[in-house]
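Asker: I would like to see how this sequence folds:
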Amino acid sequence: MTDLAARIAGAPISWGVCEVPGWGYQYDAETVLAEMRAVGLAATEFGPDGFLPEDPARKAKVLADVGLRAVGGFVPVVLHDPAHDPAPEVATALEGFVAAGAGTLVLAAATGIDGYDDRPVLDETGWSTLLGNLDKLSLLAARSGVLATIHPHVGTMVENAFEVDRVLAGSSIGLTLDTGHLLIGGVDPVALTLAHTDRIKHTHLKDVDAAWAAKVQSGEVTYTDAVRDGMYRPLGHGDIDLGAIVSTLEQAGYDGWYVLEQDTILPDRPADEGPVVDVRVSIAHLQAIAEAVG
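Answerer: All right, here's what the predicted structure looks like:
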């Protein structure tokens, strides 16, 4: 992949489809995939278990029937518990990825607690286990021809600047650059991109209202409540310099996906067009960035 415009993908979370129990109204796959294709997206991440068919061949066919490529997907797994081996569940996920033609595994260091509003604090044993598992799973994925990455994510064991730095220093796994989760976790995504361009293998482009992000960081509001109240904005309508990030990546030879995401919680199915309106705005903004980058 080289042409930036051909590397713009979608994710079901922009339609409110999420793995968290009780997250909100969940759109069906037929609607989401049709709208993705209608607005010109080239590919999609899989979304949570149950959104697409479990059988990899059926999953691949559902995507192919609407003209979407399979990017891969978000796999939250407990990595810090010495008594838990995450390899079997990741191996199962990888089998599905390969059969469906997907090439990117997006790992999250799950807490073992539902949702993203609480998390434990790791001790040194937990950190040693987590870092060792990251390298082990990266090798496991590579043997299947899949690229493994770690996704710093609010409410997981890798969220803030200290934790991101520790992962980068203590493991060799590639990074999913999620601009929104980094900012909310207190990490400057522009600075991280400049400092660690070589580690970035996959990108989730989000835009965020920085005032809401500060409220989450301070504990004034929970992450879930902030999402519900509109912390995530269409690209170009928040406080992240996405143009600087994309320009830095492209100049460094990045040729991975740009997955557009605007985490959304829907109380009910919208009576109007719904989330696709914001998706169109985000696509237009990224296309403008692509033209400027050249």
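
Asker: make it CA atoms for all contacts and neighbour counts henceforth
Answerer: Noted.

Asker: Which residue, other than its chain neighbours, is closest to Ala93?
Answerer: Nearest residue to Ala93 in three dimensions, chain neighbours excluded: Val75, at 8.0 Å (Cα to Cα, 6 or more residues apart in numbering).

Asker: count of neighbours near the one you found?
Answerer: For Val75, the count of nearby residues is 20 (other Cα atoms under 10 Å).

Asker: Next: the one 3 residues further on.
Answerer: The criterion is other Cα under 10 Å. On that basis, Val78 has 21 neighbouring residues.

Asker: Same question for Asp85.
Answerer: Neighbour number of Asp85 under other Cα under 10 Å is 15.

Asker: what about the helices in this protein?
Answerer: For the chain, applying DSSP state H gives helices covering 29-38, 56-65, 87-100, 124-143, 161-170, 179-184, 189-195, 210-218, 223-228, 242-251, 276-293.

Asker: Quick check: which of the ones you listed is buried the most?
Answerer: Highest mean neighbour count among the helices of the chain (mean count of other Cα atoms under 10 Å): helix 179-184, with a mean of 26.

Asker: Show residues contacting that helix.
Answerer: 152-154, 159-160, 188-189, 203-208, 210, 213-214, 216-217, 232, 240 (Cα atoms under 8 Å, 6 or more residues apart in numbering).

Asker: Drop anything exposed from these.
Answerer: For those, a burial check counting by 16 or more other Cα atoms under 10 Å picks out 152-154, 159-160, 189, 203-208, 210, 213-214, 216-217, 232, 240.

Asker: and stretch 73-83, what's its mean pLDDT?
Answerer: Averaged across stretch 73-83, the pLDDT comes to 96.

Asker: Now do Asp65 against Thr203, distance only.
Answerer: Counting by Cα to Cα, to the nearest Å, the gap between Asp65 and Thr203 amounts to 25 Å.

Asker: got it, and Ala226?
Answerer: With Cα to Cα as the criterion, Ala226 and Thr203 are 22 Å apart.

Asker: Likewise for Glu35?
Answerer: In terms of Cα to Cα, Glu35 sits 21 Å off from Thr203.

Asker: For Lys215, which non-adjacent residue is closest in space?
Answerer: Val221 (5.8 Å).

Asker: count of neighbours near that neighbour?
Answerer: 15.

Asker: heads up, I number from 593, so please use that
Answerer: Sure, I'll start counting at 593 from here, so that last one is Val813.

Asker: Next one: Gly704 from Asp855, what distance?
Answerer: From Gly704 to Asp855 the distance is 21 Å (Cα to Cα).

Asker: hmm, back to that, contacts only, for the residue nearest to Ala685.
Answerer: The neighbourhood of Val667, defined by Cα under 8 Å, 6+ apart, consists of 682, 685, 697-700.

Asker: what are the bridge partners for it, then?
Answerer: Note on Val667: beta-bridge partners by DSSP bridges are Leu699.

Asker: Lys793 against Gly848, yeah?
Answerer: Yes: between Lys793 and Gly848 a contact is recorded at 6.3 Å, counting by Cα atoms under 8 Å.

Asker: coming back round to it: what is the most widely separated pair among the contacts of Val667?
Answerer: Maximum pairwise distance among the contacts of Val667 (Cα to Cα): 13.4 Å, between Ala685 and Ala700.

Asker: Identify, from the contacts of Val667, the entry nearest to His672.
Answerer: Nearest to His672 out of the contacts of Val667 is Ala700 (Cα to Cα; 11.3 Å).

Asker: Around the closest one, count how many other residues there are.
Answerer: Residues near Ala700, counting by other Cα under 10 Å: 24.

Asker: and it, what is it in contact with?
Answerer: Per Cα under 8 Å, 6+ apart, neighbours of Ala700: 666-669, 742-745, 748, 750.

Asker: Distance of Glu646 relative to Leu841?
Answerer: If you go by Cα to Cα, the gap between Glu646 and Leu841 works out to 34 Å.

Asker: Poorly predicted segments of the stretch 593-742 of the chain, please.
Answerer: 593-594 (pLDDT under 70).

Asker: ok, now with 80
Answerer: 593-594, 707, 709-710 (pLDDT under 80).

Asker: For stretch 818-830, measure first residue to last.
Answerer: 14 Å.

Asker: which residues sit against that stretch?
Answerer: Counting by Cα under 8 Å, 6+ apart, 772, 797-802, 804-805, 808, 834, 854-858, 870-871, 873-875, 877-878 sit against stretch 818-830.

Asker: do stretch 860-875 as well
Answerer: Residues from elsewhere that reach stretch 860-875 (Cα under 8 Å, 6+ apart): 606-607, 616-619, 627, 631, 826-828, 852, 854.
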